[in-house]
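Visitor: Just the structure for this:
(chains A and B)
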Amino acid sequence: MEKRVTFRGWWLPLLLIAPQVLISAVFFFYPAGQAIYQSLFIPDPFGLSSRFVGLGNFEFLFGDKFYRAAFGTTALFSILVTLCSMIPALFLAVIADRLIKGSGVYRTMLIWPYAVAPAVAGVLWLFMFNTRVGVVSWYLGNFGYDWNHVLNGGEAMGIVVVASAWGRISYNFLFFFAALQAVPRSVIEAAAIDGARFWRRFWTIVLPLLSPTTFFLLVVNIVYSFFETFGVIHTITAGGPQQSTTILVYKVFADGFVGQDLGSSSAQSVVLLVVVGLLTIIQFKFVEKRVHY
Amino acid sequence: MALFKREELHGMVEKRGASLWLTHVVMILGVLVIFFPIWLAFVASTVTQPEIVKPPMPLWPGDQFVENYSKALFSGVNVPVTTMLFNSLVMAIGIAVGKIAISLLSAFAIVYFKFPGKMLFFWMIFLTLMLPVEVRIVPTYEVVAGFGMLNSYGGLIMPLIASATATFLFRQFFLTIPDELAEAARVDGASPMRFFWDIVVPMSRTNVAALFVILFIYGWNQYLWPLLITTDPEMNTIVMGIKQMFPSGDDVADWPVIMATSILAMIPPVIVVVSMQRLFIRGLVDSEK
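Guide: So this is what the prediction gives:
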């Protein structure tokens, strides 16, 4: 871990590391500390003073049925986004892997959505499903299905899940495709000689060999759906209808900036800090070692 | 004698003939489905407003390309899109260059020096991994407001610049640089900074480029942060500015201009990703390790 050969001196390295440490201190640690500190107080309505309430904000938070609902929404949302982005990606990667020629062209085409910002993806999907002008909602209407994600919570969830998963398909495809290319041909051929057909080979050999990649993507996609889908939700549903698409990160924003409830928003930030902490630990403990057979 | 000929073996595993065509057909269908939202946005950006508000809209581009795009670029809805594109460019490049610069320096310090507090600083940087901006928005906003950095490039860039990922990536890479090089530099009496500029930086070129691609897209696609701190339309970035183009209340949105803006918002990152595909994939794999 350590270099055998190092340079002498102590002020130069301190100078070198200073920019990053300063920025981390000012924009990471101080705000995080503030969040923890503020979470213990309730400011008065005029913002002039605040009253220490201990864990009162947290008690209030977990007593709030909307906040508890946001936990459930976040869980459902992240599971759906993860599934909807990984399964199509795996399917496409398996098919692309069967081609000897031309997979590069498909890969180039499939990378595109990754470059599209979540907020822009939100606008694109909103446009397709818009209740007035959307093409998809119009055709659905022709088939007798009245699409309205502005009023229907389930449909709102559906559209934010699909819009969030869309860009991630590219990402997952790249990782699955690389992993599939790394599966030794000899193993596959040996199974083929033994008479295993394609799907049998897939379930019994390829999929188990992909498990490190699958597990890694599982964690990464859950982190993504927790923290990076704000743009999608803000552009399409703004958390509605009736908070049915309000995930935890969205609620911090809605309560802190729209609702101006700083005590509660800080307490929510602290809860999120704990969640991120847990996810990071999972990522390091399991992803670093990977799942191996 | 081999039981199977090489070609026969391949025939079992890889597809030939009709089934090869079927594979291509499935793949093309997949690409079309994935592409459809982008295609529709492009079509919408080339037709007139009445064509869109009377559904179903056409599925083939119209002849309003020049009108819609020049309207978006030079007048926009709140502010010309050229202004927003410029702001996004400054933000994305600022974040990418800033992160790479401070990470190169701090990784160099951590790998090549022994100094008091080294482990403390190392863990400090490590902990920032756990603090995405989404989690600490309110207090970070207060800090930036306190510095008077609302509606400024500094405010857009600085809070997103500290990156543990880049520092770890460079640290990992520096550890693989042979010790002989540092030893030779020391014997020749080269100063640490001389060694840094002449040996370490040139050797890190590929890593820097790969990271640049990833960070450029990260910076370009930011949404929440610019939304909070740019209240002045002149400072809006394009990704957040699109949402601001929707009218509040019951007015009908100017869809052709909004869709032209969406297409313009995705062009720079798409160009970066597609033209630097190899570097991009490398950066992706490296930064997630």
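Visitor: Show me which helix runs longest in chain B.
Guide: Looking across chain B with DSSP state H, the single longest helix is helix B:81-112.
Visitor: same for that one, what does it pack against?
Guide: Here helix B:81-112 touches helix A:11-24, helix B:65-74, helix B:118-127, helix B:153-157, helix B:164-175, helix B:205-220, helix B:238-244, helix B:255-275, going by 3 or more CB pairs under 8 Å, 6 or more residues apart in numbering or on different chains; DSSP states H and E. All C-beta atoms are positioned from the backbone trio N, CA, C, and that covers glycine.
Visitor: now those in CSV, with distance to A:Pro184, mean pLDDT and mean neighbour count?
Guide: What follows is the helices and strands packed on helix B:81-112, written out as CSV (distance: least, CB to CB, whole Å; pLDDT from 0 to 100; neighbours: other CB atoms under 10 Å in any protein chain shown):
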stretch, distance to A:Pro184, mean pLDDT, mean neighbour count
helix A:11-24, 42, 91, 19
helix B:65-74, 50, 89, 17
helix B:118-127, 36, 85, 16
helix B:153-157, 46, 93, 19
helix B:164-175, 27, 87, 20
helix B:205-220, 27, 90, 21
helix B:238-244, 42, 91, 25
helix B:255-275, 30, 92, 22
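Visitor: In CSV: these, plus distance to A:Gly167.
Guide: Putting these into CSV (distance: least, CB to CB, whole Å) gives the following:
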stretch, distance to A:Gly167
helix A:11-24, 28
helix B:65-74, 23
helix B:118-127, 28
helix B:153-157, 22
helix B:164-175, 20
helix B:205-220, 11
helix B:238-244, 13
helix B:255-275, 10
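Visitor: Backbone dihedrals for residue 245, both of them.
Guide: Because you didn't say which chain, this covers chain A. phi -120, psi 20 (degrees, to the nearest 10).
Visitor: oops, I was thinking of chain B
Guide: phi -80, psi -20.
Visitor: First-to-last residue distance for stretch A:141-156?
Guide: 16 Å (CA to CA, to the nearest Å).
Visitor: mind showing which ranges of chain B have poor pLDDT?
Guide: Applying pLDDT under 70 to chain B flags the ranges B:1-18, B:130, B:249-250, B:286-289.
Visitor: residue nearest the centroid of it?
Guide: Most central in chain B under CA atoms, centre = their mean is B:Ile217, positioned 0.8 Å from the mean C-alpha point.
Visitor: Could you measure from the closest residue to that residue other than its chain neighbours over to A:Phe41?
Guide: Counting by CB to CB, 6 or more residues apart in numbering or on different chains, B:Ile217 lies nearest to B:Pro269, which is 4.8 Å off, once chain neighbours are set aside. Shown here: B:Pro269 relative to A:Phe41, a distance of 41 Å by CB to CB, to the nearest Å.
Visitor: same deal with B:Val252?
Guide: Relative to A:Phe41, B:Val252 is positioned 45 Å away (CB to CB).
Visitor: more crowded one of those two?
Guide: Remark: of B:Val252 and A:Phe41, A:Phe41 carries more neighbours, 18 against 11, as counted by other CB atoms under 10 Å in any protein chain shown.
Visitor: show me what contacts the residue nearest to the centre of chain B?
Guide: For B:Ile217, the contacting residues are A:114-115, B:92, B:269, B:272-273, by CB atoms under 8 Å, 6 or more residues apart in numbering or on different chains.
Visitor: ranges for the helices of the stretch 51-200 of chain A?
Guide: A:56-63, A:65-98, A:103-115, A:118-129, A:135-142, A:153-181, A:185-193, A:198-201 (DSSP state H, counting those that start in this stretch).
Visitor: Check which helices and strands the fifth one is in contact with.
Guide: The reference is to helix A:135-142. Applying 3+ CB pairs under 8 Å, 6+ apart, we find helix A:135-142 packed against helix A:118-129.
Visitor: Spatially central, which residue of chain A would that be?
Guide: The centroid of chain A falls nearest to A:Tyr224 when counting by CA atoms, centre = their mean (1.6 Å).
Visitor: OK, contacts around that one?
Guide: Contacts for A:Tyr224 (CB under 8 Å, 6+ apart) come out as A:81, A:168.
Visitor: rerun at 10 Å
Guide: A:78, A:81-82, A:85, A:118, A:164-165, A:167-168, A:171, A:217 (CB atoms under 10 Å, 6 or more residues apart in numbering or on different chains).
Visitor: Would you confirm that A:Ile159 contacts A:Leu124?
Guide: No - the criterion here is CB atoms under 10 Å, and A:Ile159 misses it with A:Leu124 at 11.1 Å.
Visitor: Identify each buried residue in stretch A:242-249, please.
Guide: For stretch A:242-249, burial by neighbour count (16 or more other CB atoms under 10 Å in any protein chain shown) applies to A:243-249.
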